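1. Have a look at this fold, sequence not included:
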C-alpha cells in the first residue's frame, strides 16, 4: 500500500501528554465535551459487517452500512435495546457490575495499553475506554446519576452523559481499538479487566448490528463451513495434501494425515490460519511431521476434522452466545468421532476460550477420557475436566521424557526470541512450555526485556479481530511496543526469529516486523519442531520447511566441489 | 483553572462553613452533633450493604482470572501458585497480598518514548503511586482506629497501644501522631498527581477530587484541633460516647471547629456507598482476582447457561456430502440415490 503511513510519520505523532495534543481536545478540560469531535479516521477503523454475514447466524439488524456516513441505519429503538442490554448484563456478569462501580481512576493502567503507547490517543488509555461506557452507566443506572441529571450541571459534575448517537459512535470506534489483551488488568489494583469491558461493549454493539466485517465474516464462515476462512471440506483436504507433498520434498517421508477418522485416539484442532497462509502453514507442517513420527514410533492415532476445522473463535469477539455457538463444534465432533481426548494447536484467543469458557459453556465432556499421554503415561491433571490439551504441553512432555529425537543444528541459523501471546499469557499462564520446546530445538534463545514478556507481554496490535487491511495504521501503531522490544534484541543479540504460539501472531507479526524490524522472521514453535525432528526413514535433509538451505549445507556443497 | 476540581473544592469549603456557622451562629449543635451523624451512619451501612448485595446478586458465569505467572501444568514446570493460583489457598494468598499490600499497583511502570535515533520505548518502575496509596490507606486506618478512643470507655488497651506506637516520634506538645500527618501529606500527594500529571488530569472527574478534598478537610480540621486550637476534649468525649450509647447529649463549650470536623466525616460516610470509595468492598468481589485458574481441571457452572442454535455435523454433511465423498473423506450417510 503506497498511501500507508510511514514509520517516521507514525512515530512523530506519539505524545503521551493528552493536553499538548492538537485539535479540539486541548480547548476543553473535559473529555466528554470532545465526543462530538470524534472523527472516525481511515486507517484506524475496520469496515462494517456485511449483511449476509450477519444473517448467517440470524444476528440483529443485518444491513449494509458505512461507519463514515452519518446514518448508521440503526433500529428506531436502539437506545432502548442498549439500555435493556446493559441492564441484563449487569445482572448476568458480576465483573461488569463491579467494574462499572469501583474504578478510582488512579491511572495505573493509563500507559500500559499498546494502543495508547503507539498512538498517544488519550481515549486509548484503558481507564478511559471503560469510562466511555461508565459515563452512560453513571447517568442511567445509578441513583446518584438519576438525581444529578435533574440538576443543571449535575450530569457533568458526575462524569455522566446520556447515550447519544455521538457516544455510540465513540463506543464503536474505541471498542474496536482494543484487542482484549488484558495487559492493563495486570496492573489494576482491583483487577478491572478492560477486555471484559470491551467484550460487553462489543456484545452491546452487536445487539444493534454494529460489528466489523473482519469479525462477522469469519464468524459466518466458521458457523457454516467449520472454519473462519470458509475452507470447504474437500479444499481443506487438498491443502493438507499440498503440505504432504512439500514435506515429502524436504524429508522424503509421506506424512499424509488422517481426517475425520472415527475411533482415533486424539482429535486435533488448530486455527484454520495454520492451513491457509504462510508462515502458519510451516507450523502446520510441523504438526503433521510430529503426528507422523508419533504414529510410526509409538502408534499414536491422531485425526484432523473438517467440521471442527477451526481452533480460533471469532464469536468471542462478537458475543458470549456467538462464542458458544462456534465452540460447540469441538465437543460435538470429539463425541461423533469417539476420540479419547482433544488436542489444540498453537493459537491465542482459542486458548482463552478453551481454558476459561469451553467446559462451562458446552461441557461437561463426560464422553471423553481424562487426558493421558499414552507415550509417556503423563496425566494432564490440569486438563482433566475440559479434556483438551495444548500441543506445547504435549510436546514439552514428550521432550522431557526423551521421546523425540531432535537435531537442533537444523535450526542453527535461528537466533530466537519468544513473543508470549496475550491470551495464553494472561488468560491461561502458558509461559514455560513453549520456551522449553524452543530451548530443545534451538541453540540460541534470547528473551526480550522483562517488562515486555510473560504476563507483561505486549499484543501484536491485531488481535481480537482487528487484523484487517484497512486499519493498518492502527495495527502498526498498536504493534509498536512489541516491535520495539523485538528490535532491541535484534540489535543487541542479532535475533532474527520471533517465535510465537498464536495464529493471529503468525498472520500479523510478519507485517509488523516488516514495518518496524525488517530483518526478523516469524516462526511457530512447531515449525522448529518439524525442522529438528529426526523421522524414521527420512532422507538427508538439506532444506528446512521453507525450502531454505539448512545451516552448514551450502558450505558442505562448496567443499565437495 | 479547572472546574472539575474547583467545584469539589468549593463544595468542601461550603460544607465546612455550613457546619461552622450553623453551630456558632445558629446554635444547631443538635443537628450537626446528633441528627446528621446518625443519618450518615445509617446511610453508610445501608448503602454499603445494598451495594455489596447488589454485586453479589449478579452471577459469576465464567471463571476468568487474570493470570500473572506460570499455570499449573506438567509436574516439572514450576507453577506460580500466587499469581496464577489453582487452589483456594493460592487465591487467598493472592487476595491478601492485593488487599493489604496492593500487589498489582506495586508492579506499576512508567512508559517513555525517546524520539531519536533509537526510537526506544522504555518502561521504568514507578513506585510512588504505590507508596502514596499505601501511606494514604494505612494512615487513614490508624486514624480511624485511634478515634475509637472517643467511642469506648474504658479505652481498650489495643487502642492505647496503637496510640503509643503512632506517637513514638516525640515532638512538641501534645505529641505528634504520625498517622494524621502522613494522611494529610499522602492525600496532598494524590491530589497533586491528579492536578499535575496530564494523563491523570485527563481521566479525573469531580468525583475523584471531591473525596480527596473532603479527606484533606477532615485531616486539616482534625490536626488543627489537636495541635493549634484548644478544644474541650472532655466535652467532645461526652458527645461521642452519647452517640455510641444511643443516649446523645450536647455538651457545653464544644466549638464550631469540632462540629465542622464531625460534619465532614459524616458527609464522607454518607457519600461513601454512592461513590468510587466502594472499591473498599469491591476489591473482595473482583472475579479476575478472587478466582482460581483451574477451569480446565474443575468445571465451573454458569447459572444462566442456555442452549443455543448450532450448526450440527448432520447439517454440515448434508451440505457438503457430495464434495466430501469425491475428495475421499468419510461420511456418516451415503449419498442420496434420488439426487
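-> Sure, I can see it. Quick caveat, the model's predicted, so the values are computed rather than measured.
2. And for whatever residue of the stretch 401-550 of chain A ends up closest to chain B, the neighbour number?
-> Nearest residue of the stretch 401-550 of chain A to chain B: residue A:429, at 3.2 Å (C-beta to the nearest C-beta). For every residue, glycine as well, the C-beta is placed using N, CA and C. Residue A:429 is flanked by 29 other residues according to other C-beta atoms under 10 Å in any protein chain shown.
3. what does residue A:404 give?
-> Neighbour count of residue A:404, defined by other C-beta under 10 Å: 21.
4. same check, this time on residue B:88
-> 13.
5. For the nearest residue to residue A:71 once chain neighbours are set aside, which residues are in contact?
-> Nearest non-adjacent residue to residue A:71, counting by C-beta to C-beta, 6 or more residues apart in numbering or on different chains: residue A:65, 7.9 Å away. Residue A:65 is in contact with A:48, A:71-73, A:209, counting by C-beta atoms under 8 Å, 6 or more residues apart in numbering or on different chains.
6. Also residue B:265?
-> Residue B:265 neighbours (C-beta under 8 Å, 6+ apart): B:37, B:40, B:218.
7. Would you check how far apart it and chain A are?
-> 20 Å (C-beta to the nearest C-beta, to the nearest Å).
8. How much space separates that residue from residue B:213?
-> 14 Å (C-beta to C-beta, to the nearest Å).
9. what does residue B:49 give?
-> To residue B:213, residue B:49 is 27 Å away according to C-beta to C-beta.
10. before we move on, back to that, biggest separation within the contacts of residue A:65, which pair?
-> Farthest pair in these (C-beta to C-beta) is A:71 and A:209. Separation: 13.1 Å.
11. Neighbour count: these two, which is higher?
-> Between residue A:71 and residue A:209, counting by other C-beta under 10 Å, residue A:209 is the more crowded of the two (22 against 8).
12. circling back: any chance of the contacts of residue A:65 in JSON lines, plus pLDDT?
-> Listed next are those as JSON lines, based on pLDDT from 0 to 100:
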{"residue": "A:48", "pLDDT": "97"}
{"residue": "A:71", "pLDDT": "94"}
{"residue": "A:72", "pLDDT": "96"}
{"residue": "A:73", "pLDDT": "97"}
{"residue": "A:209", "pLDDT": "96"}
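13. Chain B: which of the residues you listed is nearest?
-> residue A:209 (18.2 Å).
14. Break chain B into its domains for me.
-> Chain B resolves into domains spanning B:3-306, B:307-339 when parsed by automatic domain parsing.
15. Which one of these lies nearest to residue A:269?
-> domain B:307-339 (14.0 Å).
16. Pull out the buried positions in that closest one.
-> By neighbour count with 16 or more other C-beta atoms under 10 Å in any protein chain shown, domain B:307-339 contains the buried residues B:308, B:310-311, B:313, B:316-317, B:320-321, B:324, B:327, B:329.
17. can you name the two of those that are farthest apart?
-> B:308 and B:327 (30.0 Å).
18. for residue B:66, what are its contacts?
-> Residue B:66 touches A:182, A:185-186, A:191, A:193, A:426-427, B:288-289, counting by C-beta under 8 Å, 6+ apart.
19. do the same with residue B:256
-> Residue B:256 sits next to B:19-21, B:23-24 when contact means C-beta under 8 Å, 6+ apart.
20. and what of residue A:62?
-> Neighbouring residues of residue A:62 by C-beta under 8 Å, 6+ apart: A:51-52, A:54-55, A:209.
21. Go through those residues and flag which are in helices.
-> A:51-52, A:54-55 (DSSP state H).
22. Kindly identify which of those residues also come near chain B.
-> The subset of the ones in helices among the contacts of residue A:62 lying close to chain B, counting by C-beta under 8 Å from any C-beta of the partner chain, is empty.
23. circling back: between which two of the contacts of residue A:62 is the distance greatest?
-> Using C-beta to C-beta, the pair of these lying farthest apart is A:52 and A:209, separated by 12.7 Å.
24. My reading is that residue A:417 lies in a helix. Confirm?
-> No - Residue A:417 is assigned strand when assessed by DSSP: H, G, I helix; E, B strand; the rest coil, not a helix.
25. And the strands in chain B?
-> B:109-113, B:121-125 (DSSP state E).
26. who touches the first one?
-> Okay, so that is strand B:109-113. Residues outside strand B:109-113 that contact it (C-beta under 8 Å, 6+ apart) are A:14, A:16, A:111-112, A:117, A:187, A:451, B:119-126.
27. what do you get if the cut-off is 7 Å, keeping everything else the same?
-> With contacts defined as C-beta atoms under 7 Å, 6 or more residues apart in numbering or on different chains, strand B:109-113 is touched by A:14, A:16, A:111, A:117, A:451, B:121-126.
28. Over in the stretch 101-250 of chain B, which residue gets nearest chain A? Let me know.
-> Closest residue of the stretch 101-250 of chain B to chain A, C-beta to the nearest C-beta: residue B:205 (3.7 Å).
29. What number of residues are in the vicinity of that residue?
-> If you count neighbours by other C-beta under 10 Å, residue B:205 ends up with 25.
30. Excluding residues flanking it in the chain, which one is nearest it?
-> Using C-beta to C-beta, 6+ apart, the nearest residue to residue B:205 is residue A:159, at 3.7 Å.
31. still on that earlier bit, what about the residue nearest to residue A:71, which SS state?
-> Under three-state DSSP, residue A:65 falls in the coil class.
32. Who does the residue nearest to residue A:445 when sequence neighbours are not counted form a beta bridge with?
-> By the measure of C-beta to C-beta, 6+ apart, the closest residue to residue A:445 outside its immediate chain neighbours is residue A:416, 4.6 Å from it. For residue A:416, the beta-bridge partners are residue A:445, residue A:497 (DSSP bridges).
33. what's near enough to touch residue 216?
-> Here I'm looking at chain A. Counting by C-beta under 7 Å, 6+ apart, residue A:216 touches A:49-50, A:53-54.
34. Let me rephrase: I mean chain B.
-> With C-beta under 7 Å, 6+ apart, residue B:216 has these contacts: B:184, B:187-188, B:191.
35. Report the central residue of chain B.
-> residue B:279 (3.0 Å; C-alpha atoms, centre = their mean).
36. Just the pLDDT for that residue.
-> For residue B:279, the model assigns a pLDDT of 96.
37. wait, it sits on residue A:104?
-> Yes - Residue B:279 lies in contact with residue A:104 (C-beta atoms under 7 Å); the separation is 5.5 Å.
38. which neighbours do those two share?
-> With C-beta under 7 Å, 6+ apart, residue B:279 and residue A:104 have no common neighbours.
39. Just give me the neighbour total for the closest residue to chain A within the stretch 1-150 of chain B.
-> Closest residue of the stretch 1-150 of chain B to chain A, C-beta to the nearest C-beta: residue B:71 (3.2 Å). Using other C-beta under 10 Å, residue B:71 is surrounded by 26 other residues.
40. Backbone dihedrals for it, please?
-> In terms of degrees, to the nearest 10, the main-chain angles of residue B:71 are phi -70, psi 170.
41. What spatial separation is found between it and residue B:247?
-> To residue B:247, residue B:71 is 59 Å away according to C-beta to C-beta.
42. for residue A:238, same thing?
-> The gap separating residue A:238 from residue B:247 is 89 Å, by C-beta to C-beta.
43. Please identify which of these two sits among more neighbours.
-> residue A:238 (12 against 8).
44. In terms of helices and strands, where is the more buried one?
-> According to DSSP states H and E, residue A:238 maps onto helix A:233-251.
45. Mind giving me the packing neighbours of that helix?
-> Where contact means 3 or more C-beta pairs under 7 Å, 6 or more residues apart in numbering or on different chains; DSSP states H and E, helix A:233-251 is packed against helix A:273-276, helix A:280-298, helix B:313-326.
46. of all the ones you listed, which lies closest to residue A:258?
-> Nearest of these to residue A:258, taken as C-beta to C-beta: helix A:280-298 at 8.4 Å.
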